[in-house]
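Enquirer: Predicted model, plus sequence, below.
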Amino acid sequence: MSNHSKSANPDLERVRREIDRVDRAMLDLIAERLALSSDVRKAKAGAKLWRPSREDSHVSDLVEMAQNTGTPPALVSRIWAELMSASISVQGSTRLHFALEGDTRANLSLIRDRFGGSLPVLSYPTSSAALAAAYADAEGIAVVPAPGGMNNWWTSLAPGGAMPDFKIVASLPRIGTDGWPQAVAVAAIDLDLAEGRILCAVRGQKGGMADGLLRAESGDLRLYEMSDVEAVESDSIIGYLPPPVFL
Ligand SMILES: C=C(O[C@@H]1C=C(C(=O)O)C=C[C@H]1O)C(=O)O
């Protein structure tokens, strides 16, 4: 395209050429990153493609590195959400199955912030429908409202429930909150327990769990957030949320 301001504003032209140079370099780096993802796929050989704990700790490291340059954490999280989902979509057929109450537009933007725009998104009227669809899908991820209040779907993850190998594995939003998330992602993934929040479902503990933060209850089941893995019965663990990344 011709540019009439070319000679009129040499400073602007110079800066634009610099931006073009940076963008070309980024394009090459993106291609290089996507190519590495195909190598990861081969190396994984049958294991689950999506590793939320790797993604969250990676974004957390990047946010820390970006502190020196003033790049906003939310931007780092969103850009890498796009890059990582793109690499998963290159790798396989991961799909998101969501049921979120309230404003559809706000819910979709919550999902986009965590998963980017590359993965197929299917919506369902209820959390249990979204969970069932994700459960029946080999690489499915359910996105449902965080446990608490009327949200009792988590009881099916508890011992004796219908989906004992399903686990709560990620918080939405990923960053900007130190409290309980708005929504969580649930998938059949082995947990990598680290310095985060361990979620346990226990039955009939009337007195509560020492050091546990009660997050939800339904019938005689209670969901506690624990910080000490040593204090937890391993078969009560129904999820793990990474340490929050602050804005
Ligand atoms: C590439 C991998 O697979 C997925 C994609 C990632 C990425 O693009 O950085 C990170 C974690 C996984 O969800 C990996 O496990 O490293």
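Expert: Okay, I see it. Keep in mind the model is a prediction, meaning the values are calculated, not measured.

Enquirer: got the contact list for residue 78?
Expert: 113, 116 (Cβ atoms under 8 Å, 6 or more residues apart in numbering). Yep, even glycine has a C-beta here, placed from its N, CA and C like the rest.

Enquirer: swap in residue 80?
Expert: Contact partners of residue 80, counting by Cβ under 8 Å, 6+ apart, are 55, 58-59, 62.

Enquirer: switch to 6 Å and redo it
Expert: Residues in contact with residue 80 (Cβ atoms under 6 Å, 6 or more residues apart in numbering) are residue 59.

Enquirer: before we move on, what about residue 16?
Expert: The neighbourhood of residue 16, defined by Cβ under 6 Å, 6+ apart, contains no residues.

Enquirer: What separation is there between it and the ligand?
Expert: 30 Å (Cβ to the nearest ligand atom, to the nearest Å).

Enquirer: Residue 187 touches residue 141, doesn't it?
Expert: Yes - using Cβ atoms under 6 Å, residue 187 is in contact with residue 141, at 4.7 Å.

Enquirer: ok, now how distant is residue 137 from residue 37?
Expert: Note on residue 137: its distance to residue 37, by Cβ to Cβ, to the nearest Å, is 21 Å.

Enquirer: Near the ligand, which residues of the protein? Just list them.
Expert: 37, 40, 49-51, 54-55, 84, 87-88 (Cβ under 6 Å from any ligand atom).

Enquirer: For ChimeraX, write the select line for the buried members of these.
Expert: The buried residues among the residues of the chain next to the ligand can be selected in ChimeraX (16 or more other Cβ atoms under 10 Å) with this line:
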select :37,49,50,51,55,84,87,88
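
Enquirer: wait, what's in contact with the residue most central in space within the chain?
Expert: Centroid-nearest residue in the chain: residue 170, 4.5 Å away (criterion: Cα atoms, centre = their mean). By Cβ under 6 Å, 6+ apart, the contact set of residue 170 is 52, 185.

Enquirer: cool, residue 115 as well?
Expert: residue 85.
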